[in-house]
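Student: Sequence and predicted structure below; questions after.
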2 protein chains.
Amino acid sequence: MNKLSVVGMGPGSYDQMTIRAAQALQEAQVIAGYSVYVDLVKPHFPDKEYLVTPMRQEAGRCRMAIDAACAGKSVAMISSGDAGVYGMAGLIYELAQGRDLQIEVIPGVTAALSGGAVLGAPLTHDFAVISLSDLLTPWEKIEARLDMAARADFSIVLYNPSSMKRADYLRRAVEILLRHKAPETVCGAVRNIGRDGESYELMSLKELADHQADMFTTVFIGNSQTRNLSGKMVTPRGYKDV
Amino acid sequence: MNKLSVVGMGPGSYDQMTIRAAQALQEAQVIAGYSVYVDLVKPHFPDKEYLVTPMRQEAGRCRMAIDAACAGKSVAMISSGDAGVYGMAGLIYELAQGRDLQIEVIPGVTAALSGGAVLGAPLTHDFAVISLSDLLTPWEKIEARLDMAARADFSIVLYNPSSMKRADYLRRAVEILLRHKAPETVCGAVRNIGRDGESYELMSLKELADHQADMFTTVFIGNSQTRNLSGKMVTPRGYKDV
């Protein structure tokens, strides 16, 4: 049967890919993906056929990959991070309905994990992952999720915290979180995770309102127990006293 | 400086480890961890010195690893999944305070991602991760998080959904979720992710109340948009209409 792999490549560098993901790319004849991610893997798999599309053409990119697979080629479709977390895996399943195609999703390290590791250990307890992009989600729904997640004292990871068109979204999100979280709540921001120029910064929730995030930033908000331990963001789980 | 790596090994099989995690284990002189995880990596790194402790001795295990590293050995401490998600990374930071030690956390594929990939694509939109273990968390806090996460229409991943002592916890959790989520909400359960005997099942939220989960099961509850597409659990993100 025709086969399509949807591969999460992790934050970017080759060594943050799983061994299984690297094997899937090695075995594929065709690698499909958004140009920025293709550029990251191409040096490691130079002899492949590449199907590349620019940003925002998600459906077209998926259809192209599905068509190539249904034409009998073994195709790997790449996403950064995990293919299932704000990635292409869902769309591939939707668009492949009725096609004669076996789909395999190969998980990868999403920014909540790779960014968390850079900051320390912010997610050792229950957490919520929320995207601030309202391109496909009404802002009211995002607000409600921020409000409930803060109310329930989750650690929170914000994907897509800002873009040129949404310059004030992080500030708006922080204002909602401050309804239920203390202004001194420990927060962190990581930029260019696993890529050149990786950097991170710890700050309070109050300070986060003025943080200049961009589309390469992932933001972490601690729960009520999260602490700054010698410059690392750490959420204790409670083992210490057991 | 003395160095300690805290390594997330993913769900279990060697090939679901990242390349960087495998390199860290290869470079370490000592590998420390809970016996079940050590047994999974030992065949691939037979020539290492191993520091093994049984379950529930988390603090002792971490202290042992820290002491070995401070004695000048290069030590890798392993966790299943991601070392930061209900893993040992936080405790290592806490216990290493004041020690002359450089700590590096190497992220891995946590069960939300590896289990999600087995089920299809349940987490393509905002989601919450909640552990049902009340060993270190008051049950009232877990209940509040379930309630808020359901209210805000998050997809939800449940870790530790059941154990012998907590046989009815999944049913109690489902009862809370049913306050705000429809009984026909698409759910999934994955068992032994990435290991021998891996299996999965889709069901409704109503049916999930009677599902016999065990400590090797991870449970997924969809949001209001999640669908069963030819036996796979898929949460659409909305790209299709863009």
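Tutor: Now that the structure is in, tell me what you want to look at.

Student: Mind listing the residues bridging to the residue nearest to A:Ala28 when sequence neighbours are not counted?
Tutor: Take A:Ala28 and drop its neighbours on the chain: the residue closest to it by Cβ to Cβ, 6 or more residues apart in numbering or on different chains is A:Ala76, 3.8 Å away. Bear in mind the C-beta positions are built from the backbone N, C-alpha and C, glycine included. Per DSSP bridges, the residues bridged to A:Ala76 are A:Ser5, A:Ile31.

Student: Based on its surroundings, how many neighbours for A:Ala76?
Tutor: A:Ala76: 28 surrounding residues under other Cβ atoms under 10 Å in any protein chain shown.

Student: next one: A:His44
Tutor: By other Cβ under 10 Å, 12 other residues sit near A:His44.

Student: That one contacts A:Asp15, correct?
Tutor: No. Counting by Cβ atoms under 8 Å, A:His44 does not reach A:Asp15; the two are 10.1 Å apart.

Student: Quick one: the helices in chain A, in order.
Tutor: For chain A, applying DSSP state H gives helices covering A:19-27, A:35-41, A:58-70, A:89-95, A:111-119, A:139-151, A:169-177, A:205-208.

Student: Tell me the helices and strands packed up against the first one.
Tutor: Spelled out, that is helix A:19-27. Packing contacts for helix A:19-27, counted by 3 or more Cβ pairs under 8 Å, 6 or more residues apart in numbering or on different chains; DSSP states H and E, involve strand A:2-8, strand A:75-79, strand A:101-106, helix B:19-27.

Student: Mind doing that once more with 6 Å?
Tutor: strand A:2-8, strand A:101-106 (3 or more Cβ pairs under 6 Å, 6 or more residues apart in numbering or on different chains; DSSP states H and E).

Student: so which of the helices of chain A comes closest to B:Ala89?
Tutor: Closest of the helices of chain A to B:Ala89 is helix A:111-119, at 7.5 Å (criterion: Cβ to Cβ).

Student: pLDDT weak spots in chain A?
Tutor: By pLDDT under 70, the weakly predicted segments of chain A are A:55, A:238-242.

Student: ok, back up a step: could I get the helices and strands packed on helix A:19-27 as TSV with mean neighbour count?
Tutor: Below are the helices and strands packed on helix A:19-27 laid out as TSV (neighbours: other Cβ atoms under 10 Å in any protein chain shown):
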stretch	mean neighbour count
strand A:2-8	25
strand A:101-106	21
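
Student: residues contacting A:Ala189?
Tutor: Taking Cβ atoms under 6 Å, 6 or more residues apart in numbering or on different chains, we find A:Ala189 in contact with A:201, A:211, A:217, A:219.

Student: want to try JSON lines for those residues, with distance to chain B and neighbour count as columns?
Tutor: Shown next, in JSON lines, are these (distance: Cβ to the nearest Cβ, whole Å; neighbours: other Cβ atoms under 10 Å in any protein chain shown):
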{"residue": "A:Glu201", "distance to chain B": "17", "neighbour count": "15"}
{"residue": "A:His211", "distance to chain B": "21", "neighbour count": "17"}
{"residue": "A:Thr217", "distance to chain B": "17", "neighbour count": "24"}
{"residue": "A:Val219", "distance to chain B": "14", "neighbour count": "26"}
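
Student: Of these, which belong to strands?
Tutor: A:201, A:217, A:219 (DSSP state E).

Student: The first one - nearest residue in space that isn't next to it in sequence?
Tutor: Put plainly, it is A:Glu201. A:Ala189 (5.3 Å).

Student: Name whatever forms a beta bridge with that neighbour.
Tutor: A:Glu201, A:Val219.

Student: Which of the helices of chain A has the highest mean neighbour count?
Tutor: helix A:111-119 (a mean of 29; mean count of other Cβ atoms under 10 Å in any protein chain shown).

Student: That one packs against which elements?
Tutor: strand A:186-191, strand A:217-221.

Student: Just the buried positions in the longest one, please.
Tutor: Buried residues in strand A:186-191, defined by neighbour count with 16 or more other Cβ atoms under 10 Å in any protein chain shown: A:186-191.

Student: Same list, those residues, but as CSV with distance to B:Ala111 please.
Tutor: Listed next are the buried residues of strand A:186-191 as CSV, based on distance: Cβ to Cβ, whole Å:
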residue, distance to B:Ala111
A:Val186, 26
A:Cys187, 26
A:Gly188, 23
A:Ala189, 26
A:Val190, 23
A:Arg191, 27
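
Student: ok so, going back, kindly present the contacts of A:Ala189 as a markdown table, with separate columns for distance to A:Leu146.
Tutor: As requested, the contacts of A:Ala189 are exported to a markdown table (distance: Cβ to Cβ, whole Å):
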| residue | distance to A:Leu146 |
| --- | --- |
| A:Glu201 | 21 |
| A:His211 | 16 |
| A:Thr217 | 17 |
| A:Val219 | 12 |
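
Student: out of everything not next to it in sequence, what's closest to A:Lys3?
Tutor: A:Gln102 (4.9 Å).

Student: That neighbour is in contact with A:Met1, isn't it?
Tutor: Yes. In this structure, A:Gln102 is within contact of A:Met1 by Cβ atoms under 6 Å, at 4.8 Å.

Student: nearest residue to A:Gly33 other than its sequence neighbours?
Tutor: Using Cβ to Cβ, 6+ apart, the nearest residue to A:Gly33 is A:Ile78, at 4.0 Å.

Student: The one you found: neighbouring residues, count only.
Tutor: 28.

Student: A:Ser199 now?
Tutor: Residues lying near A:Ser199 (other Cβ under 10 Å) number 11.

Student: ok, now how distant is the residue lying closest to it once chain neighbours are set aside from A:Val118?
Tutor: Excluding the flanking residues, the one nearest A:Ser199 by Cβ to Cβ, 6+ apart is A:Arg191, at 5.0 Å. Separation of A:Arg191 from A:Val118 (Cβ to Cβ, to the nearest Å) stands at 9 Å.

Student: I'm done for today, thanks for sticking with me.
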